[in-house]
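Q: Mind folding the following:
(one chain, ligands or ions: 3)
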Amino acid sequence: MGSKRVQQEFFFADAPPWEIEDQADVLVAEVAFPSGPPGLLSYRVPDPLRDSLRTGMRVRVPLGASHRLRWGFCVRLGQPEHLPSTLKDVQQVMDEERLVSPEILRLTEWMSEYYLCRWGQVLQAVVPAGVRGQAGTRSITYLSLASDDAENNAKKAPPTQDAVLRYLTTHGVPVPLAQVRRDLGCSDGPIRALRKKGLVTTEIRRSSAEDISETPVKKVTPPLDLNEDQRQALEAIHAALHAAEHQTILVHGVTGSGKTEVYMRAIAEVISFGRQAILLVPEISLTPQTVERFRHRFGRVAVLHSHLSDTERHAQWRSIASGAVSVVIGARSAVFAPTKHLGMIVLDEEHESSFKQNTAPRYHARDVAVERARAANVPLILGSATPSLESWHAAKKSRYRLVSLPRRVLDRPLPAVRVVDLRLEQERRGHGGVISRYLHQAALDVLRRGEQVILLLNRRGFATHIQCPSCGEVVSCPNCDIALTHHRAGEIALCHYCEHAEPAPKICPNCRSPGIRYRGLGTQRVEMEVKARFPDYTCFRMDTDSMRGPGSHERALAKFRQGDYHILLGTQMIAKGLDFPQVTLVGVVNADTALHLPDFRAGERTFQLVTQVAGRTGRGDKGGHVIVQTYSPDHPAIAAAAAHDYLSFAEHELPLREEYGYPPYGHVARAVAKGPQEESARSFAEALGELLRKGVDDSGAAVRILGPAPAPLARLRGDYRFHLQLHAEDVGHLQTVLCSAIDQLTPPKDVQWMVDIDPVDLL
Ligand code: ADP
Ligand code: ZN
Ligand code: ZN
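A: Residues are numbered from 1 along each chain as shown. Ligands and ions are numbered 1, 2, ... in the order given. Next up is the predicted model:
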């Protein structure tokens, strides 16, 4: 009992004021449910549970007339002034320790209000399953001798019992029962007999998951000497740290400008006054290389990524919560890391769309980080070579502080970029490959010098659509409104959304014409062409088809770094944060793949992708250059990326956003209704639209509503999809209008709907 309390204090020391119990006699718990009732329900906490219940624990409570037991999170405890007369009792407290601290509890409450998602569901998503289930902590039975008089004991016992006694005598300390059984190959029988005789005693201990966390690195690499730009960036961060107040600092630093070094210095500063730092990176950048860099600087680092087992995750969680680790590195969800004394959050590659979660709660880690840092009164550092326009605008409006690293370290130049106009290329060549003569020659030069090439094409598969020239039929997915992609492995036609696969047709499935054509360009086809063009050199293809197993991505990159391959060809997974000194040429096979998607961020994404992949070259002392193949050389996103000119891109793009009220000048929300019956989904979307419009009229909220209309992906995994877009300058207006609709509307059984605030995916 006492020890349990000690452990709670150990985890989260500061109880918020409303938890300090006074003498009033009824304690009420407010409970949030992950499913079932949407709001909070109140329950009386019976006396025997008073000592053990804290906010952030789960409880079992009776629900409805049937009093069926359900579990939920206790989110508030207190003595309300007006007690409902019929208050049911909390039946059970399910946790010994808080699953979340009061700080994270408030953060999840904010999320539930901002993203219009029930609080219990947010909590459910924030607390990993391994932590909820206490993975890795088990009750272990230890065996020890009841008395030291072993000689005496041994005489009285039969051989197997004798062996157990001798074993325990030799060990001299309590030994886990399982170990005794394993080492002696004996059953429970003799041990039970010894217990009965009173010769051995058993004791139950809880083994901690922390035992399995990694040993710290001994060899610590010293920090580098910062250049002037880095020094100024660090100074700005130090100023915020020493002022002990929240500030968001946007570090706009070109690729290879030494941002990571600045983060590490800032983190060292945070640690020096006994606090912890969280570094968030996109999942794909969370490579052993990144982690090692931090481990070699800081010794021990907690890493939270998606491949952890429940036990590992729980172990990391505990070592963070206890304050034993000072540096936490992780992807999106590490923004909830249970630090005891948070001192700073760093979010690198802040423009990355993977920081947005695409299932409920549909949160953006960048916005959650802002909120968490603000509440904790600590600085937040956002870093990118291509900041999101949202962050850029905030910096321009002085809500964020901007610091720039406009040059690469050691005066390395940014690589020269040459744009190849594929329209001219096609006229000249008629048909043939996808690699222009210019790119071919440049690659050959580089390869002959023994250097390496990266080729980017952000489309997997061989041919991206299969079309009949006679009747025009495009072979598409039976479940989705999507053309099937031809994959050479197994000669299949595959849907990239639902994984539906069928044999690649030899004749038109519609008109039986034999002339069916495989069109459009995927990485597999480029791979074939590269192998044919450069037979003396090796090429490795990297996309989600070739990189299936965990760790395969890192292994392949490590091999490329060692020089096992001359050419690395891949989708956007090769574009991010990698540092290969031997790469002196980057070729973008087709820069236009994302340019024409029906998404207001299409230009921004294209700019980011081209700039990021261009940043993969010229990182060593050999220099490097970039060739961008495109059908739209004059498109501002491509022209700006070719000129390494973020400013001109932003200056072109921002007025367009402003004109349409898109972010950063306003907020967008999206509602999608889907279901297997087209009519059902459509009429629900229409009812929703009417209700939302009525809500706007009634409340006078300044909200513009578009739709309902079929979503760009009008059919997906067998569901027909209709969507509505809501625009408002003030996100609060969107929330008000949507919230009332959520309360009023229940979809029919065969329709599901969801709301996405600040959506990143508009398809
Ligand atoms: P970014 O995160 O901006 O892409 P990094 O921090 O990864 O850049 O730095 C790129 C490379 O330059 C790394 O190999 C790093 O060790 C090196 N580097 C960083 N700062 C300095 C410096 N001040 N002097 C010399 N090398 C540096
Ligand atoms: Zn046909
Ligand atoms: Zn499909």
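
Q: what sits against residue 436?
A: 420, 422, 425, 627, 629 (Cβ atoms under 8 Å, 6 or more residues apart in numbering). C-betas here are computed from N, CA, C, even on glycine.

Q: burial count for residue 544?
A: 13 (other Cβ atoms under 10 Å).

Q: coming back round to it: and of the contacts of residue 436, the nearest to ligand 1?
A: residue 627 (21.3 Å; Cβ to the nearest ligand atom).

Q: That closest one - that's part of a strand, no?
A: Yes: assessed with DSSP: H, G, I helix; E, B strand; the rest coil, residue 627 lies in a strand.

Q: i'd like the first residue to be 775 from this point on
A: Fine by me, first position is 775 from now on; the one you just mentioned is residue 1401.

Q: I'd like to know how many residues surround it.
A: 26.

Q: and what of residue 1322?
A: Neighbours around residue 1322, by other Cβ under 10 Å: 8.

Q: okay, which residue is most central for the protein?
A: residue 1106 (3.2 Å; Cα atoms, centre = their mean).

Q: Quick check: which ranges of this protein have low pLDDT?
A: 775-798, 858, 909-914, 922-930, 978-993, 1200-1206, 1350-1351 (pLDDT under 70).

Q: which bits of it sit near ligand 2?
A: 1242, 1244-1245, 1247, 1282, 1284-1285, 1287 (Cβ under 5 Å from the ion).

Q: Please indicate which of those are buried?
A: 1242, 1247, 1282 (16 or more other Cβ atoms under 10 Å).

Q: returning to what we had before: how about the residues of the chain next to ligand 2 in a markdown table, adding secondary structure?
A: Shown next, in a markdown table, are the residues of the chain next to ligand 2 (three-state DSSP):
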| residue | secondary structure |
| --- | --- |
| 1242 | coil |
| 1244 | coil |
| 1245 | coil |
| 1247 | coil |
| 1282 | coil |
| 1284 | coil |
| 1285 | coil |
| 1287 | coil |
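
Q: now for the lengthiest helix in the chain, which elements pack on it?
A: The residue-count maximum for a helix in the chain (DSSP state H) belongs to helix 1452-1473. Judged by 3 or more Cβ pairs under 8 Å, 6 or more residues apart in numbering; DSSP states H and E, helix 1452-1473 is in contact with strand 1441-1449, strand 1477-1490, strand 1493-1502, helix 1505-1518, strand 1526-1531.

Q: wait, which of these is closest to ligand 3?
A: Ligand 3 lies closest, by Cβ to the ion, to one member of the helices and strands packed on helix 1452-1473: strand 1477-1490, at 7.1 Å.

Q: how about the closest residue to ligand 1 within the stretch 1175-1324 of the chain, phi and psi?
A: Ligand 1 sits closest to residue 1183 of the stretch 1175-1324 of the chain, with a gap of 4.0 Å, by Cβ to the nearest ligand atom. The phi and psi torsions at residue 1183 (degrees, to the nearest 10) take the values phi -70, psi 160.

Q: contacting residues for it?
A: 1001, 1004, 1030-1032, 1035.

Q: ok, so of those, who is nearest ligand 2?
A: residue 1030 (50.7 Å).

Q: With adjacent residues omitted, what lies nearest to that closest one?
A: In space, and not counting its chain neighbours, residue 1030 is closest to residue 1182: 4.3 Å by Cβ to Cβ, 6 or more residues apart in numbering.

Q: The one you found is in contact with residue 1159, isn't it?
A: No: under the criterion of Cβ atoms under 8 Å, residue 1182 is not in contact with residue 1159, lying 10.5 Å apart.

Q: shared neighbours of those two, which are they?
A: 1028-1029, 1031.

Q: Now render the residues you listed as TSV, adding secondary structure, distance to residue 1053 and neighbour count.
A: TSV is the format used below for the shared contacts of residue 1182 and residue 1159 (DSSP: H, G, I helix; E, B strand; the rest coil; distance: Cβ to Cβ, whole Å; neighbours: other Cβ atoms under 10 Å):
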residue	secondary structure	distance to residue 1053	neighbour count
1028	coil	20	19
1029	coil	18	23
1031	coil	17	26
